[in-house]
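Chemist: Dropping the sequence and predicted coords here.
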Amino acid sequence: MKIIQRNEVTSLKRSVDQGTEEQRESVKKIIQEVRTEGNTAVKRFTELFDGVSLDQWQVTEDEIDEAYESVDGEFVKILSEAAANIRKFHEKQQSNSWFHTSEDGSILGQKITPVDAAGIYVPGGTAAYPSSVFMNVIPAQVAGVERIVMVTPPGKDGKVPAGVLVSAKLLGVTEIYKVGGAQAIAALAYGTESLTAVDKITGPGNVFVALAKREVFGDVDIDMIAGPSEIAVLADDTARGEEVAADLLSQAEHDARSSSVLVTTSEKLAKDVQQAVHNQMETLPRYEIVKASIEDYGAIVICDNKKEAISTINEIAAEHLEIVTENPFEDMAKVKHAGAIFLGPYSSEPVGDYFAGPNHVLPTSGTARFSSPLSVDDFVKKSSVISYSGQALREHGDKIAQFARLEGLEAHARAIETRKGRWE
Ligand SMILES: NC(=O)c1ccc[n+]([C@@H]2O[C@H](COP(=O)([O-])OP(=O)(O)OC[C@H]3O[C@@H](n4cnc5c(N)ncnc54)[C@H](O)[C@@H]3O)[C@@H](O)[C@H]2O)c1
Ligand SMILES: N[C@H](CO)Cc1c[nH]c[nH+]1
Ligand SMILES: [Zn+2]
């Protein structure tokens, strides 16, 4: 893991992945073909990209039950406890419709309504993500979404990993399709003979999933374009090198393009972490991914003082930020940009990935500068409510008509004035 200077940090910054020209063209073609051919195209692309031929791509009740029977009872208990924590956290995010009555009897307000149908993408590929089922489905349920559809790529055996199906069963999700990549996003956005289109698509995925979400945005809503996982650790002499290294590696193992950065004022910690990262990664099962990630996107930044370190952290605007310093809360107050902030020596990043409660679908690639974690808000929309009283129109009608004429919109003015008889 390379040690770099403060002025080299710019080289670590990444913009949202736009894919290659070839990938963008391929995604457009997949979407177009799923739109026009429906199930036939879904089947063809699943054969091509996932190497499996499926006649029935909706998961059956028997498959869900079989998955449930196959997993250890202890695992189900852990999943249930994690789900309860995640639900409790997201329930705190609920917002209510509100209405305000003025003295003239007018009522103004905001009505909150869940989307009718949400499509949840659960990544497959190189790992199984039961935790992503929870992180996407639970906020949708808390928001009150009536129809929740899950899509996830099939494995080479044509099956969905048992943990993913068990998580879905624990939450009561029954509409699940074995389809991944851009074809899954197209099916959710435009529907096929067997899958009715949804209104909102959420969930992380690889570059094909990300490009497809960008492409269908506007016809449906999406949550965000989530890039490869990232972690930044702000640490001082009070941190233990072994622990910081382990946390950096936890995100490096997601993807060869994941990034892991330590920002510190301590040269000793920098050297300890550098050594520990190299020792620990040798024994990791996903060694090849971790090695590529650490070599290409891993770095230790040594800063002269705390102020410089925090400004570096703000510049990186990481998906996950750990603060392992003498006064983590004090330092957090100065942090402006981070998707999720983990404070103190016991808040190791995986605590948030699986169990604590906050969402693990977070802004990446510096987008924490302007966006937020996936939440209940993503599954609701707001309608403005206006109930004007006669008294209010009497008082303000002329001003509204004048405003309309100022814009040259006579029909607007007359719509107001046609009620003049009522207010005179
Ligand atoms: N941010 C988060 O919360 C979070 C959580 C879990 C995973 N992730 C990320 O999600 C990503 C998962 O990626 P993945 O690839 O393992 O699984 P994935 O499910 O995103 O992608 C697999 C699909 O990609 C499609 N595909 C593969 N090669 C293709 C090609 N050449 N052309 C067109 N389509 C192709 C296939 O149809 C396959 O079904 C990782 O980057 C991981 O870090 C993020
Ligand atoms: N760290 C990932 C988000 O960047 C989420 C995840 C799922 N499973 C394990 N980790
Ligand atoms: Zn993770």
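Modeler: Received the coordinates, thanks. Ligands and ions are numbered 1, 2, ... in the order given.
Chemist: For this structure, which residues score under the pLDDT cut-off?
Modeler: 125-126, 424 (pLDDT under 70).
Chemist: how does this structure divide up, domain by domain?
Modeler: 2-13+228-356, 21-222, 388-423 (automatic domain parsing).
Chemist: Need the three-state assignment for the residue sitting nearest the centre point of the chain.
Modeler: Closest to where the C-alpha atoms of the chain average out (CA atoms, centre = their mean) is Val361, at 3.2 Å. Val361 carries the three-state label coil when classified by DSSP: H, G, I helix; E, B strand; the rest coil.
Chemist: so it touches Pro204, yeah?
Modeler: Yes: Val361 is within contact range of Pro204, at 5.9 Å (criterion: CB atoms under 8 Å). Yep, even glycine has a C-beta here, placed from its N, CA and C like the rest.
Chemist: intersection of neighbour lists for these two?
Modeler: In terms of CB atoms under 8 Å, 6 or more residues apart in numbering, Val361 and Pro204 are both contacted by the residues 132, 226.
Chemist: Quick one: name the residues of the stretch 251-400 of the chain near ligand 2.
Modeler: Applying CB under 6 Å from any ligand atom, one finds that the stretch 251-400 of the chain approaches ligand 2 through 251, 319, 353, 360.
Chemist: Can you flag the buried ones in the residues you listed?
Modeler: Buried residues within these, counting neighbours by 16 or more other CB atoms under 10 Å: 251, 319, 353, 360.
Chemist: Next step: those residues restricted to helices.
Modeler: Using DSSP state H, the members of these that fall within helices are 251, 353.
Chemist: ok, now how distant is Arg14 from ligand 1?
Modeler: Taking CB to the nearest ligand atom, to the nearest Å as the measure, Arg14 falls 13 Å from ligand 1.
Chemist: Helix, strand, or coil at that residue?
Modeler: Per three-state DSSP, the local secondary structure of Arg14 is coil.
Chemist: Show the contacting residues for it.
Modeler: Under the criterion of CB under 8 Å, 6+ apart, the neighbours of Arg14 are 227, 259, 365-366.
Chemist: These in strands, which ones?
Modeler: Residues from the contacts of Arg14 lying in strands, with DSSP state E as the criterion: Ser259.
Chemist: can I get the buried ones among the residues of the stretch 251-400 of the chain next to ligand 2 in CSV with distance to Val137?
Modeler: Shown next, in CSV, are these (distance: CB to CB, whole Å):
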residue, distance to Val137
Gln251, 23
Glu319, 21
Asp353, 16
His360, 13
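Chemist: from the buried ones among the residues of the stretch 251-400 of the chain next to ligand 2, which are also near ligand 1?
Modeler: Counting by CB under 6 Å from any ligand atom, His360 from these sit close to ligand 1.
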